[in-house]
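Colleague: Sequence and predicted structure, then a few things I'm wondering about:
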Amino acid sequence: MSNEMKNMMVMICRIFLGFMFIYASLDKIANPEEFAKQIGYYKVLPFGIENILGIILPWTELIVGVCLIAGLLVDGAALLSIIMMLVFILAISQAMLRGIDITCGCFKVSADSDKLGLDTIIRDIIFFVMSMIVLNRQERKFEFLPKSD
(Lines give C-alpha, C1' and ligand atoms only; values in the text may rest on other atoms or scores of the structure.)
Protein backbone atom coordinates (compact mmCIF):
# COMPACT_ATOMS: atom_id res chain seq x y z
CA MET A 1 0.00 0.00 0.00
CA SER A 2 1.39 3.41 -0.94
CA ASN A 3 2.11 6.12 1.62
CA GLU A 4 -0.63 8.26 0.10
CA MET A 5 -3.18 5.47 0.59
CA LYS A 6 -2.01 4.94 4.18
CA ASN A 7 -2.31 8.66 4.89
CA MET A 8 -5.81 8.66 3.41
CA MET A 9 -6.82 5.67 5.56
CA VAL A 10 -5.48 7.39 8.69
CA MET A 11 -7.38 10.57 7.84
CA ILE A 12 -10.62 8.65 7.23
CA CYS A 13 -10.21 6.83 10.56
CA ARG A 14 -9.45 10.09 12.39
CA ILE A 15 -12.45 11.93 10.96
CA PHE A 16 -14.84 8.99 11.38
CA LEU A 17 -13.79 8.32 14.97
CA GLY A 18 -13.86 12.03 15.76
CA PHE A 19 -17.45 12.46 14.60
CA MET A 20 -18.46 9.18 16.23
CA PHE A 21 -17.09 10.28 19.62
CA ILE A 22 -18.68 13.72 19.34
CA TYR A 23 -22.04 12.18 18.42
CA ALA A 24 -21.75 9.62 21.23
CA SER A 25 -21.05 12.35 23.79
CA LEU A 26 -23.92 14.74 23.06
CA ASP A 27 -26.89 12.88 24.56
CA LYS A 28 -24.77 11.77 27.53
CA ILE A 29 -23.64 15.35 28.24
CA ALA A 30 -27.25 16.53 28.05
CA ASN A 31 -28.47 13.72 30.37
CA PRO A 32 -25.68 12.79 32.81
CA GLU A 33 -28.06 11.32 35.38
CA GLU A 34 -29.58 8.94 32.81
CA PHE A 35 -26.14 8.00 31.53
CA ALA A 36 -24.99 7.25 35.09
CA LYS A 37 -27.98 4.89 35.42
CA GLN A 38 -26.98 3.17 32.17
CA ILE A 39 -23.46 2.67 33.55
CA GLY A 40 -24.93 1.26 36.77
CA TYR A 41 -26.92 -1.35 34.84
CA TYR A 42 -23.62 -3.02 33.81
CA LYS A 43 -23.08 -3.90 37.51
CA VAL A 44 -19.28 -3.61 37.46
CA LEU A 45 -18.58 -0.45 39.44
CA PRO A 46 -19.05 0.31 43.13
CA PHE A 47 -22.05 2.48 43.95
CA GLY A 48 -21.36 6.16 43.33
CA ILE A 49 -18.54 5.69 40.83
CA GLU A 50 -21.06 5.54 37.97
CA ASN A 51 -22.08 9.13 38.83
CA ILE A 52 -18.53 10.41 38.44
CA LEU A 53 -18.03 8.38 35.27
CA GLY A 54 -21.38 9.60 33.95
CA ILE A 55 -20.03 13.14 34.06
CA ILE A 56 -16.40 12.57 33.03
CA LEU A 57 -16.75 9.98 30.22
CA PRO A 58 -18.99 12.03 27.86
CA TRP A 59 -16.71 15.06 28.11
CA THR A 60 -13.71 12.83 27.47
CA GLU A 61 -15.43 11.46 24.37
CA LEU A 62 -16.18 15.00 23.17
CA ILE A 63 -12.59 16.18 23.68
CA VAL A 64 -11.15 13.07 22.00
CA GLY A 65 -13.48 13.60 19.03
CA VAL A 66 -12.58 17.26 18.64
CA CYS A 67 -8.85 16.50 18.89
CA LEU A 68 -9.03 13.74 16.28
CA ILE A 69 -10.86 15.98 13.81
CA ALA A 70 -8.81 19.11 14.49
CA GLY A 71 -5.46 17.32 14.45
CA LEU A 72 -4.61 18.40 17.99
CA LEU A 73 -2.85 16.01 20.37
CA VAL A 74 -3.72 13.13 18.04
CA ASP A 75 -1.49 10.59 19.80
CA GLY A 76 -3.17 11.24 23.14
CA ALA A 77 -6.64 11.22 21.59
CA ALA A 78 -5.91 7.93 19.79
CA LEU A 79 -4.53 6.39 23.00
CA LEU A 80 -7.62 7.46 24.97
CA SER A 81 -9.78 6.06 22.18
CA ILE A 82 -7.98 2.71 22.40
CA ILE A 83 -8.40 2.60 26.18
CA MET A 84 -12.09 3.52 25.97
CA MET A 85 -12.73 0.87 23.31
CA LEU A 86 -11.02 -1.81 25.41
CA VAL A 87 -13.07 -0.85 28.46
CA PHE A 88 -16.29 -0.77 26.41
CA ILE A 89 -15.55 -4.18 24.88
CA LEU A 90 -14.83 -5.68 28.32
CA ALA A 91 -17.91 -4.09 29.93
CA ILE A 92 -20.24 -5.23 27.15
CA SER A 93 -18.71 -8.72 27.07
CA GLN A 94 -19.04 -9.26 30.82
CA ALA A 95 -22.64 -8.02 30.79
CA MET A 96 -23.53 -10.39 27.97
CA LEU A 97 -21.75 -13.34 29.60
CA ARG A 98 -23.63 -12.68 32.83
CA GLY A 99 -26.93 -12.52 30.95
CA ILE A 100 -27.62 -8.90 31.81
CA ASP A 101 -30.26 -7.70 29.34
CA ILE A 102 -29.71 -3.95 29.01
CA THR A 103 -29.40 -1.28 26.37
CA CYS A 104 -25.92 -0.21 25.39
CA GLY A 105 -25.96 3.45 26.37
CA CYS A 106 -23.32 3.93 23.69
CA PHE A 107 -24.95 6.71 21.68
CA LYS A 108 -28.27 7.38 23.42
CA VAL A 109 -29.22 7.06 27.06
CA SER A 110 -32.91 6.48 26.40
CA ALA A 111 -34.60 3.13 26.91
CA ASP A 112 -35.06 2.72 23.16
CA SER A 113 -31.32 2.68 22.40
CA ASP A 114 -29.58 -0.40 21.03
CA LYS A 115 -29.57 -3.62 23.06
CA LEU A 116 -26.24 -5.22 23.84
CA GLY A 117 -25.25 -7.88 21.38
CA LEU A 118 -22.40 -9.39 19.44
CA ASP A 119 -22.82 -6.62 16.86
CA THR A 120 -22.00 -4.07 19.58
CA ILE A 121 -18.76 -5.86 20.41
CA ILE A 122 -17.82 -6.21 16.72
CA ARG A 123 -18.51 -2.49 16.18
CA ASP A 124 -16.26 -1.56 19.10
CA ILE A 125 -13.52 -3.90 17.86
CA ILE A 126 -13.65 -2.09 14.50
CA PHE A 127 -13.38 1.25 16.33
CA PHE A 128 -10.45 -0.18 18.33
CA VAL A 129 -8.65 -1.20 15.11
CA MET A 130 -9.31 2.23 13.60
CA SER A 131 -7.84 3.84 16.74
CA MET A 132 -4.75 1.63 16.44
CA ILE A 133 -4.35 2.72 12.80
CA VAL A 134 -4.39 6.36 13.90
CA LEU A 135 -1.93 5.80 16.76
CA ASN A 136 0.50 3.79 14.61
CA ARG A 137 0.52 6.15 11.64
CA GLN A 138 3.86 6.93 10.02
CA GLU A 139 3.32 10.43 8.71
CA ARG A 140 1.68 13.13 10.73
CA LYS A 141 -0.05 15.18 8.06
CA PHE A 142 -2.71 17.72 8.90
CA GLU A 143 -1.78 17.85 12.58
CA PHE A 144 -1.11 21.01 14.52
CA LEU A 145 1.06 19.52 17.24
CA PRO A 146 3.17 16.82 15.56
CA LYS A 147 5.02 14.33 17.71
CA SER A 148 8.58 15.48 18.45
CA ASP A 149 11.35 12.99 17.76
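Modeller: That came through, no problem. Numbering: from 1, shown residues only.

Colleague: quick one: the lengthiest helix in the chain to chain centroid distance?
Modeller: For the chain, the helix that runs over the most residues, judged by DSSP state H, is helix 3-30. Helix 3-30 sits 10 Å away from the centroid of its parent chain (C-alpha atoms, centre = their mean, to the nearest Å).

Colleague: Show residues contacting the next helix-or-strand element following that helix.
Modeller: Sequence-wise, the next helix or strand downstream of helix 3-30 (DSSP states H and E) is helix 32-41. Under the contact criterion C-beta atoms under 8 Å, 6 or more residues apart in numbering, helix 32-41 has outside partners 27-28, 45, 47, 50-51, 53-55, 57-58, 95, 100, 102-103, 105, 109-110. Where C-beta positions appear, they are placed from N, C-alpha and C, glycine not excepted.

Colleague: Tell me the buried residues in the helix or strand of the chain with the lowest mean pLDDT?
Modeller: Every helix and strand in the chain was compared by mean pLDDT, DSSP states H and E; the lowest is helix 32-41, with a mean of 92. Across helix 32-41, burial judged by 16 or more other C-beta atoms under 10 Å covers 32, 34-36, 38-40.

Colleague: same deal with stretch 122-138?
Modeller: Buried residues in stretch 122-138, counted by 16+ other C-beta under 10 Å: 123-124, 127-128, 130-131, 133-135, 137.
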